[in-house]
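Undergrad: structure for this input, please:
(one chain, ligands or ions: 1)
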Amino acid sequence: MTSTHATAPAVEFNSASKTYGSVRALDGLTVRLYSGETVALLGPNGAGKSTTLDLLLGLRNPDPGGRVRLFGTTPRQAVTGGRVGAMLQSGGLMEGVRVRELIELACALHPRGYATEQVLAEAGITELADRMVGKLSGGQEQRVRFALATAGDSDLIVLDEPTTGMDVTARRSFWSAMRAQAATGRTVLFATHYLEEADEVADRVLVLHRGRLLADGSAAQIKAMAGVRRVGFTLEMVPDGVLEAQLRALPGVTELDLAGAAVRLRSTDADATVQALYALGLYPHGLEVTGLGLEEAFVTLTSRAEETGHLTTDDKDKAGIK
Ligand SMILES: Nc1ncnc2c1ncn2[C@@H]1O[C@H](COP(=O)(O)OP(=O)(O)OP(=O)(O)O)[C@@H](O)[C@H]1O
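TA: Below you'll find the model as predicted:
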């Protein structure tokens, strides 16, 4: 995906670090994003997501020795040239105006601004156009922020926790508006704590942990990196006494949940677990082996990194990541 692009990457971080006093918020981030990619930025609290976005938008500078470029220029040049639309968590909206007036202003200020009605419609907020900004609910405010980020023909859209405060319906319609933006070939980068959104929407997932890039791949690759599978089955004729200890001792088993004859476990080697089960003369019914969801994979990877300080080559091999 990355080697065939002739033009400058939409986003390029080169050994970018950011230190606040004794806190290293970002630690040598090197990554490139390309046109048309929809990229989710994940990480536990304090991992460096907002710092990454601040550097990307030129709101802060990286420490000496690191570099951030957007479309081959400085972030400031890209932002003032109208190539970037951003929706940040912080910063109040102008309160004493109507939504339409606020969007009109954003369209007028953008070097390649769209028509106000089009922006309202595409962000799905036409019905909010005559409302006072100061009277909007949290979720409605978020949708107005999105409209501001898409007020002009930007090549890169940056969204920090875009769906915080939105209900299920608003989130759904938000992502459908966002997908429409991505379908026009824009690069979309969003930070989120909702992993199911990353799984559904992003074609690339970056996992930050303590300011470092822990994983970079598709959601499927990140799940494979966790290397753990869920195994579920029921047992007939459960022998007395020793069963739980026997199940725990099966190769690969990391967690076990036994409810009567129903067994659920997690294994780092599901094939070996199941074979050993048969070898013990325990015959599973309704056997199901499934991969982890992105959320579980994320928790597994970040806690593993917490324990070891990094991921092993083996983790990356499992996912086919270089
Ligand atoms: N202006 C600042 N001054 C001092 N420390 C800061 C500053 N901004 C961020 N930090 C610290 O840098 C680290 C990374 O913070 P950052 O906000 O980038 O993380 P995050 O991944 O966005 O977290 P969250 O998910 O909680 O929003 C944290 O330890 C944070 O306390």
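Undergrad: how about whichever strand or helix holds Ala220: buried residues?
TA: Counting by DSSP states H and E, the element that carries Ala220 is helix 219-226. Residues 219, 221-226 are the ones in helix 219-226 that count as buried (16 or more other Cβ atoms under 10 Å). Using the backbone N, CA and C atoms, a C-beta is placed for each residue, glycine as well.
Undergrad: got the residues of the chain near the ligand?
TA: For the chain, the residues in contact with the ligand (Cβ under 6 Å from any ligand atom) are 20, 23, 25, 43, 45-51.
Undergrad: now go through those and say which are in strands.
TA: 20, 23, 25 (DSSP state E).
Undergrad: give me the neighbour count for the first one.
TA: The one in question is Tyr20. Using other Cβ atoms under 10 Å, Tyr20 is surrounded by 10 other residues.
Undergrad: and stretch 109-116, end to end?
TA: End-to-end distance of stretch 109-116: 12 Å, with Cα to Cα, to the nearest Å as the criterion.
Undergrad: list the contacts for the closest residue to Gly66 other than its chain neighbours?
TA: Closest residue to Gly66 apart from its sequence neighbours, by Cβ to Cβ, 6 or more residues apart in numbering: Ala16 at 3.7 Å. Contact partners of Ala16, counting by Cβ atoms under 8 Å, 6 or more residues apart in numbering, are 26, 28-30, 55, 62-63, 66-68.
Undergrad: just those residues now: which is nearest the ligand?
TA: The ligand has its nearest neighbour among the contacts of Ala16 in Leu26, at 7.2 Å by Cβ to the nearest ligand atom.
Undergrad: now the helix or strand where the residue nearest to Gly66 lies: mean pLDDT?
TA: Using DSSP H and E, Ala16 sits in strand 11-20. Average pLDDT, strand 11-20: 97.
Undergrad: check stretch 272-291 too.
TA: 90.
Undergrad: which residues does that stretch contact?
TA: Against stretch 272-291 from outside (Cβ under 8 Å, 6+ apart): 223-224, 229-236, 246, 250-253, 263, 265, 267, 270.
Undergrad: thought Thr126 was touching Val119?
TA: No: taking contacts as Cβ atoms under 8 Å, Thr126 lies outside contact range of Val119: 9.8 Å.
Undergrad: neighbour count for the two, which is higher?
TA: Neighbour totals were compared for Thr126 and Val119, and Val119 leads with 25 against 14 (other Cβ under 10 Å).
Undergrad: what helices or strands is the helix or strand hosting that one leaning on?
TA: In this assignment (DSSP H and E), Val119 forms part of helix 116-122. Helix 116-122 sits against helix 99-109, helix 138-149, helix 168-183, with contacts defined as 3 or more Cβ pairs under 8 Å, 6 or more residues apart in numbering; DSSP states H and E.
Undergrad: how about the longest one: buried residues?
TA: For helix 168-183, burial by neighbour count (16+ other Cβ under 10 Å) applies to 170-171, 174-175, 177-178, 181-182.
Undergrad: for the helix holding Val119, give the mean pLDDT please.
TA: Here the average pLDDT along helix 116-122 is 94.
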